[in-house]
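Participant: Sequence first, predicted coordinates after that:
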Amino acid sequence: MVSKRSMVSDTNIEKPERRSGEDRRLSDLENVDYARQASPRRTIIFSRLTRVIFLSHLFGLVILIVGALTLNQYSQGLIKARIDNLKSQAMLVTSIMADTATGTGVGARLDQERAQQIIRGLNLPDDWRLRVYDIGLNELLDSEDLTAAISTETLPPIDSTEPIKPAQGSEKFSMRRVLKDLPWRKSARDNNRRDLPGELRLALEGKTFSGEKYDELDRHIVTVSTPITRVREILGVVTLESYDVEAIIDQERLSLLPIIGWAIFASLISSIALTMSIVFPLRDLSRAAELVTRKNKKADQIPDFSNRKDEIGDLSISLQEMTRGLYSRIDDIANFAADVAHEIKNPLTSLRSASDTLRYAKTDEQREKLIHIIQDDVGRMDRLISDISKASKVDANLAREKSELINLPDLIGNVAEFYQATQTGRTIPVIFDFPDNLRDTDIYIRGFETPFAQVLRNLIDNALTFSPDDGSVRLSMELASRNRSKRVLITVEDDGPGIPLDNMETIFNRFYTQRPKGAQFGSHSGLGLAICRQIVKAHKGFIFAENRESSDGVVGAKFTINLPLQT
């Protein structure tokens, strides 16, 4: 006869040692073509972000410079002031000529010699020009002719051996000339070309013409034409012109060059500072993330910029947490696979031993006992595979589901009512003790309703397993605060034998199966509490266990779930 003791002893297979992330080596990564996956490393000069920073600074600066060099508002104000000045001067000249250079009586006419004396007596600026026309639009006087002086001196003898030099400046490059030759500026000058006969005819009609124009030499001039009137008779026209507007504007542009230079320098310094404070840290984070991907480095390889207190600091913290979470998940998967292999090997070994022994069984009693062992092991494997499948899907389900607001009192009350209505066999009451002082308080958490209900069911099932027939399972809830954040505490208590002090944390490990006396071996997979901690952690909370004690000693176990309250 084969005893069950000998069968069970064969199942004591050594549990494989847990492996950390440092010990794992993914050999298949050596065959991956990283050159195809990774983007080429850019130099800082050709970085797109660097170009964006510099161009964005320079674009705004160029707009400012162009606006400053154009000086539209200033030039319009200058032109308006010059027109007013020319008008006042022209009106003064015409009034003097009307009084002193037009004769007397009915046959008054413009006295050219007297008008010439008046013009000679004027102190006109060098860039001003005054001309006088009669009623037939004939030019009588021109200030340029009256003020022109002819100087005579003896020229040196002609030296035929020396080549004739071209005039100075004839071939000299002029930026102003280049700008004036631009097509749109030529078009603007052509559309504003001066019509001197039209101005004179308008003045002969008794009206004063004023404005800015371009003459036949493409010079920018401000001109005023006003009639010479004696009583009500028009005897001629005075035209006063100014050519110095362009020179004044050019002088103002030149005065802006130092300011523009400092603005460009400040823009470059600002761009370099932004590049060093944004592009360099991002490149460091990118390279560190690439090293983690290629060389299986840990999260401490990610640069720590948390002291920056900005988005890049937040990004470095997020990358560190993401890398730690990634490798923690990898370690969990590796350890979970080792635990699964260990747990499945036990019933498989027992099955193999029982099936090998079955062929040598001589009596029906021996065969019946071996078949019973095989059935138990098959059932145990079925439960293990089902629970392992559920545990492996927890993270995936949580990642797919959308979090929502959960009304805790309603959820806990519904779970307790479900157990009261569906219990068969032992009728251990499941009681939800909701405090009276919280009945008017909205208690919500943000999370996933179905997985969180599973946590409550697992804890209640565990409590029912350990509770005596005359015991009960009690659920309660209270509010607390931790680190200035409001929390909610959910407790599940039983009247069982309690938890060994050395196992307060190990009971949350996978496949921990410390069962009460009399419970059938292999009837539990040991994944319930591990799944509870996994789901509670996904809700940004934590769960812990402790014993309920009285003067008589331990009177039961107590599980507490601590979750952030949704305010």
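Facilitator: In hand now; what should we look at? A quick note: this is a predicted structure, and the numbers were derived from the prediction, not measured.

Participant: For the stretch 451-567 of the chain, which segments are assigned as helices?
Facilitator: With DSSP state H, counting those that start in this stretch applied, the stretch 451-567 of the chain shows helices at 528-538, listed in chain order.

Participant: Low-confidence ranges, it, go.
Facilitator: Applying pLDDT under 70 to the stretch 451-567 of the chain flags the ranges 511-526.

Participant: how about the strands of it, start to end?
Facilitator: In the stretch 451-567 of the chain, the strands defined using DSSP state E, counting those that start in this stretch lie at 473-482, 485-493, 542-550, 553-564.

Participant: Nearest to residue 130, out of those strands?
Facilitator: strand 485-493 (86.5 Å; CB to CB). The C-beta positions use only the backbone N, C-alpha and C, and glycine is treated the same way.

Participant: Could you list the paired strands of that closest one along with their orientation?
Facilitator: Strands that pair with strand 485-493, judged by DSSP bridges, come out as strand 473-482 (antiparallel), strand 553-564 (antiparallel).

Participant: Of those strands, flag the one that's most buried.
Facilitator: strand 553-564 (a mean of 18; mean count of other CB atoms under 10 Å).

Participant: Just the CA atoms of it, as PDB, please.
Facilitator: Provided in PDB are the C-alpha atoms of strand 553-564 (Å, rounded to 0.1, in the frame of the first residue of the first chain):
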ATOM      1  CA  GLY A 553      -5.200  37.700  23.900                       C
ATOM      2  CA  VAL A 554      -5.800  37.700  20.200                       C
ATOM      3  CA  VAL A 555      -9.500  37.700  19.300                       C
ATOM      4  CA  GLY A 556      -9.400  38.100  15.500                       C
ATOM      5  CA  ALA A 557      -7.700  39.700  12.500                       C
ATOM      6  CA  LYS A 558      -8.300  43.100  11.100                       C
ATOM      7  CA  PHE A 559      -7.500  44.300   7.600                       C
ATOM      8  CA  THR A 560      -7.400  48.100   6.900                       C
ATOM      9  CA  ILE A 561      -7.500  49.800   3.500                       C
ATOM     10  CA  ASN A 562      -6.300  53.400   3.400                       C
ATOM     11  CA  LEU A 563      -7.400  55.400   0.300                       C
ATOM     12  CA  PRO A 564      -7.300  59.000  -0.800                       C
END
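
Participant: quick revisit: nearest to residue 89, of the strands paired with strand 485-493?
Facilitator: Proximity to residue 89 (CB to CB) singles out strand 553-564 among the strands paired with strand 485-493, at 83.5 Å.

Participant: contact partners of that closest one?
Facilitator: Strand 553-564 is contacted by residues 445, 447, 455, 459, 462-463, 466-467, 471, 480, 482, 485-499, 536, 539-549 when judged by CB atoms under 8 Å, 6 or more residues apart in numbering.

Participant: burial of residue 185, as a residue count?
Facilitator: Residue 185 is flanked by 12 other residues according to other CB atoms under 10 Å.

Participant: Now do the same for the host helix or strand of it: mean pLDDT, whole number.
Facilitator: Here residue 185 sits within helix 183-191, counting by DSSP states H and E. What helix 183-191 shows for mean pLDDT is 81.

Participant: Would you mind identifying the next helix or strand past that helix?
Facilitator: Helix 183-191 is succeeded, C-terminally, by helix 196-204 (DSSP H and E).

Participant: If you count neighbours, what's buried in the helix or strand containing residue 292?
Facilitator: Here residue 292 sits within helix 280-295, counting by DSSP H and E. For helix 280-295, the neighbour count (16 or more other CB atoms under 10 Å) marks 281, 282, 283, 285, 288, 289, 290, 292 as buried.

Participant: what residues are up against the nearest residue to residue 495 once chain neighbours are set aside?
Facilitator: Distances taken as CB to CB, 6 or more residues apart in numbering place residue 471 nearest to residue 495, at 3.3 Å, with adjacent residues excluded. For residue 471, the contact set (CB under 8 Å, 6+ apart) comprises 428, 494, 495, 496, 556.

Participant: Of those residues, which is the nearest to residue 101?
Facilitator: Within the contacts of residue 471, proximity to residue 101 (CB to CB) peaks at residue 494, which comes in at 125.4 Å.

Participant: wait, what's in contact with the closest residue to the closest one other than its chain neighbours?
Facilitator: Of all residues beyond its chain neighbours, the one nearest residue 494 is residue 463 (3.7 Å), with distances taken as CB to CB, 6+ apart. Neighbouring residues of residue 463 by CB under 8 Å, 6+ apart: 473, 492, 493, 494, 496, 557, 559.
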